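*Asks:* Have a look at this prediction, sequence included:
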Amino acid sequence: MGILKVEGVTAGYNTTPVIREVTFSVPEGSVFGIIGPNGAGKTTLFRTLSRLMKPWKGVVSFKGADIAGISRRDYARSVAVVPQFRQTPPPFTVREFVSMGRYPHRGRLARLNKEDGRIVDKAMELLDVSTFKDKLVSTLSGGEMGRVFLAQGIVQQPELILMDEPTAHLDIGHKIRTLDLMRSLAKRTGLTALIILHDLNLAGTYCDSLVMMKGGGIHSSGRPEEVLSEGHVTEVYGTPVRVGTNPATGKPHIFFLPQSPSGVIPD
Amino acid sequence: MNRGLVLASLLLFAVTSIVLALFTGGTGIPPAEVLRALLFPSEDGVAHTLIWELRLPRALTAGIVGASLAVCGVVFQAILRNPLAEPYTLGVSGGGALGAVVAILLGLGGLPMALLCFLGCCLSIGIVLGAAYARNFTNSMLILSGVIMSFIFSSAVMFIFAVASSREVHASILWLMGSLSAPPEGSMAMLLTVFPLVPGFILFAKDLNLLSLGDESSYHLGLDARKSKTLLLLAASLVTGVCVAVSGVIAFIGLVIPHLTRKLAGADHHVLLPASVLAGAGFLILSDSIAQVVIRPLELPVGVITGMVGGVFFLLYLLKARPEEVI
């Protein structure tokens, strides 16, 4: 059932562990959210799953195989990684840049064929970047660039896509469209998406399951209704909240309570 | 601009500069005689000898060196993701200069000098790649150890200057400026040995595209960045080393041509590499023709022309370009 399994993983930098004994399983075809405050270890976990860091202890397995033993190219064919912090690319056009997502599927010498072109055009349309496909990626705004990077990941036609804050610089319209797209890809093609999200309401609305991290470990996990309780959110984020229900979706909705409604910082 | 059009214009530029090179030189030959020598290659005569044994080989050497330096510049800029990267970034020029100056001091010339120079280049590449390899092969480690090796080598050259005779120093300085007027014997053979690597880089166009996105992105798209980087840097440095051994340290081509070509042809190495071959070849052939006639009957080192023309042109480009277009 679990396409990605994380078992007892400890990882960190130099000699300091950042995540400790993390265990969870991502069901195939689901949208799986990782939430948690700054410094909880989300990005370290993400780098471990995308194989930029090796676990000190424990195993990450993809479809039953330890990811450390999968060749780079095979991993790139099945798992797409869309990191949060990106180096601005050299002056490639949007289309050229998105097309590079097809490289793992084609040999070193093979030119991309018509089929590749069709996949690229489709992904650019889905992410609403076709209108500026001939512009240079380096000249785009943060939100436009974010969608272009996402399109490159979709073009890889992976079974699993790992995304670190994919909606960070997007306006609300594009946030909703991007997450809608992830949901519909999960439903239609069986794509599994593991997404780090900061926006708890989006996480609650779009994810089938959530893992809430705190201090390098898992605080709670399960369905959004279970994880996003008033007690959990208040404890993990250190700010009191109320949790209601979105009347349209029936999903949990979090209401934040300002600590100084009068605009005065309390003593 | 349309990519086919860019390649066609650059081809025209390269061919024109070769033709121009045949008609210019230190000795004035009337155009009619040049034509005659070209059309009837079996005839004898002064013009015939000058064209077939001096001007044509010289233009070809310039073309190969120019194309090589430009393509190596493209490779270095893609891998190091740094707008200042050029073929000499890993200290190749410093090592080569030390080798050449030692050769001049020992009274060596011709092929022995070229070989000693090439040995210096290899020494530098070996130290820089070795140091970077020990430190995870990061770009900053490559660039910094390259800069440091250049410093060490140029200090060694300065030391030799301090103790050498003024005649030797003059010869060394002329060599350091880069010139195509008297390539050592065996130059063509050396160039032709490594030149297949230059068009060969096109086989790595995808690797270069991925590497230019950064190590992590290329990793996520399935590339073994460290292996590709090592292989490509080694190949590009060897080609550069041979160019330095043949013609000295010709400035600026490896820095400027990749930038200008990227502006015209875009960042995709499938187009950028062949475009740089043509642009680099054309530019150096043209610069060499200018170097031969500006202060006739004397001749300028071609490095003076590439540095000046290239430098001014590049400054204008930088002032006009939007910063996000530069690399």
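*Replies:* Ah, there it is.
*Asks:* where's the spatially most central residue of chain B relative to residue B:103, distance?
*Replies:* For chain B, residue B:69 is the residue whose C-alpha lies nearest the centre (Cα atoms, centre = their mean; 2.6 Å). Using Cβ to Cβ, to the nearest Å, residue B:69 is found at 21 Å from residue B:103. C-beta: built from backbone N, CA, C; applies to glycine.
*Asks:* now the strands: where do they sit in the stretch 151-267 of chain A?
*Replies:* Remark: strands assigned in the stretch 151-267 of chain A by DSSP state E, counting those that start in this stretch are A:160-164, A:192-196, A:209-214, A:217-222, A:241-245, A:252-256.
*Asks:* And the residue of the stretch 101-250 of chain B closest to chain A?
*Replies:* Proximity of the stretch 101-250 of chain B to chain A (Cβ to the nearest Cβ) peaks at residue B:222, 3.2 Å away.
*Asks:* residue contacts, residue A:142?
*Replies:* Taking Cβ atoms under 8 Å, 6 or more residues apart in numbering or on different chains as the criterion, residue A:142 is in contact with residue A:169.
*Asks:* hang on, residue A:232 packs against residue A:212?
*Replies:* Yes: counting by Cβ atoms under 8 Å, residue A:232 touches residue A:212, with 6.4 Å between them.
*Asks:* one step back: got phi/psi on the residue of the stretch 101-250 of chain B closest to chain A?
*Replies:* phi 90, psi 10 (degrees, to the nearest 10).
*Asks:* Can you tell me the element the nearest residue to it once chain neighbours are set aside falls in?
*Replies:* In space, and not counting its chain neighbours, residue B:222 is closest to residue A:76: 3.2 Å by Cβ to Cβ, 6 or more residues apart in numbering or on different chains. Using DSSP states H and E, the element containing residue A:76 is helix A:72-78.
*Asks:* Buried residues of that helix, list them for me.
*Replies:* By neighbour count on 16 or more other Cβ atoms under 10 Å in any protein chain shown, the buried set for helix A:72-78 is A:72, A:75-78.
*Asks:* likewise stretch A:73-92?
*Replies:* Applying 16+ other Cβ under 10 Å to stretch A:73-92 flags A:75-84, A:86, A:89-92 as buried.
*Asks:* which of the residues you listed lies closest to residue B:245?
*Replies:* Closest to residue B:245 out of these is residue A:90 (30.9 Å), distances taken as Cβ to Cβ.
*Asks:* Contacts only, for that closest one.
*Replies:* A:138, B:78, B:81, B:212-213, B:262, B:267, B:327.
*Asks:* which stretches of chain A form helices?
*Replies:* With DSSP state H as the criterion, chain A has helices at A:42-49, A:72-78, A:94-99, A:114-126, A:142-155, A:172-189, A:200-206, A:224-227, A:230-237.
*Asks:* for the stretch 201-327 of chain B, same thing?
*Replies:* Along the stretch 201-327 of chain B, counting by DSSP state H, counting those that start in this stretch, helices occupy B:205-211, B:215-220, B:225-247, B:253-265, B:269-293, B:302-320, B:323-326.
*Asks:* Need these in TSV (columns: mean pLDDT).
*Replies:* Listed next are the helices of the stretch 201-327 of chain B as TSV, based on pLDDT from 0 to 100:
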stretch	mean pLDDT
helix B:205-211	95
helix B:215-220	91
helix B:225-247	91
helix B:253-265	92
helix B:269-293	95
helix B:302-320	86
helix B:323-326	62
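*Asks:* Any chance of those in TSV with mean neighbour count and distance to residue A:243 as columns?
*Replies:* Converted to TSV, the helices of the stretch 201-327 of chain B look like this (neighbours: other Cβ atoms under 10 Å in any protein chain shown; distance: least, Cβ to Cβ, whole Å):
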stretch	mean neighbour count	distance to residue A:243
helix B:205-211	24	45
helix B:215-220	22	36
helix B:225-247	23	45
helix B:253-265	25	53
helix B:269-293	26	52
helix B:302-320	16	55
helix B:323-326	14	43
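*Asks:* Kindly report the residues of chain A close to chain B.
*Replies:* Residues of chain A lying close to chain B by Cβ under 8 Å from any Cβ of the partner chain are A:50-52, A:72-73, A:75-77, A:80-81, A:83, A:86-93, A:96, A:100-101, A:103-104, A:108-109, A:111, A:136, A:138-139, A:156.
*Asks:* switch the cut-off to 6 Å
*Replies:* Residues of chain A found near chain B (Cβ under 6 Å from any Cβ of the partner chain) are A:72-73, A:76, A:81, A:87, A:89-92, A:96, A:103-104, A:108, A:138-139.
*Asks:* Which ones among these lie within strands?
*Replies:* residue A:81 (DSSP state E).
*Asks:* of the residues of chain A next to chain B, the lowest pLDDT goes to which?
*Replies:* Among those, residue A:87 has the lowest pLDDT, at 76.
*Asks:* which one is it nearest to, not counting chain neighbours?
*Replies:* Using Cβ to Cβ, 6+ apart, the nearest residue to residue A:87 is residue B:214, at 4.4 Å.
*Asks:* Check residue B:274 too.
*Replies:* Excluding its sequence neighbours, the residue lying closest to residue B:274 (Cβ to Cβ, 6+ apart) is residue B:7, at 6.3 Å.
*Asks:* Number of residues surrounding the one you found?
*Replies:* Neighbour count for residue B:7, taken as other Cβ atoms under 10 Å in any protein chain shown: 17.
*Asks:* One more: residue A:69?
*Replies:* Using other Cβ under 10 Å, residue A:69 has 10 other residues around it.
*Asks:* what stretches of the stretch 151-267 of chain A score poorly on pLDDT?
*Replies:* For the stretch 151-267 of chain A, the stretches flagged by pLDDT under 70 are A:260-267.
*Asks:* check contacts around residue A:257.
*Replies:* Taking Cβ atoms under 6 Å, 6 or more residues apart in numbering or on different chains, we find residue A:257 in contact with residue A:240.
*Asks:* hmm, back to that, state the distance from the residue nearest to the centre of chain B to chain A.
*Replies:* Look at residue B:69 and chain A: by Cβ to the nearest Cβ, to the nearest Å, they are 20 Å apart.
*Asks:* check which helix or strand covers that residue.
*Replies:* Assigned by DSSP H and E, residue B:69 falls in helix B:56-80.
*Asks:* Alpha carbons only: can I get the helix or strand just after that helix in PDB?
*Replies:* Going down the chain from helix B:56-80, the next helix or strand is helix B:92-105, by DSSP H and E. Extracted C-alpha coordinates of helix B:92-105, given in PDB (Å, rounded to 0.1, in the frame of the first residue of the first chain):
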ATOM      1  CA  VAL B  92      45.600  26.700 -16.700                       C
ATOM      2  CA  SER B  93      47.100  29.900 -17.900                       C
ATOM      3  CA  GLY B  94      49.200  30.400 -14.800                       C
ATOM      4  CA  GLY B  95      50.600  26.900 -15.000                       C
ATOM      5  CA  GLY B  96      51.200  27.300 -18.700                       C
ATOM      6  CA  ALA B  97      52.900  30.600 -18.300                       C
ATOM      7  CA  LEU B  98      55.300  29.200 -15.700                       C
ATOM      8  CA  GLY B  99      56.200  26.300 -18.000                       C
ATOM      9  CA  ALA B 100      56.800  28.700 -20.900                       C
ATOM     10  CA  VAL B 101      58.800  31.200 -19.000                       C
ATOM     11  CA  VAL B 102      61.000  28.400 -17.600                       C
ATOM     12  CA  ALA B 103      61.500  27.200 -21.200                       C
ATOM     13  CA  ILE B 104      62.500  30.700 -22.300                       C
ATOM     14  CA  LEU B 105      64.900  30.800 -19.400                       C
END
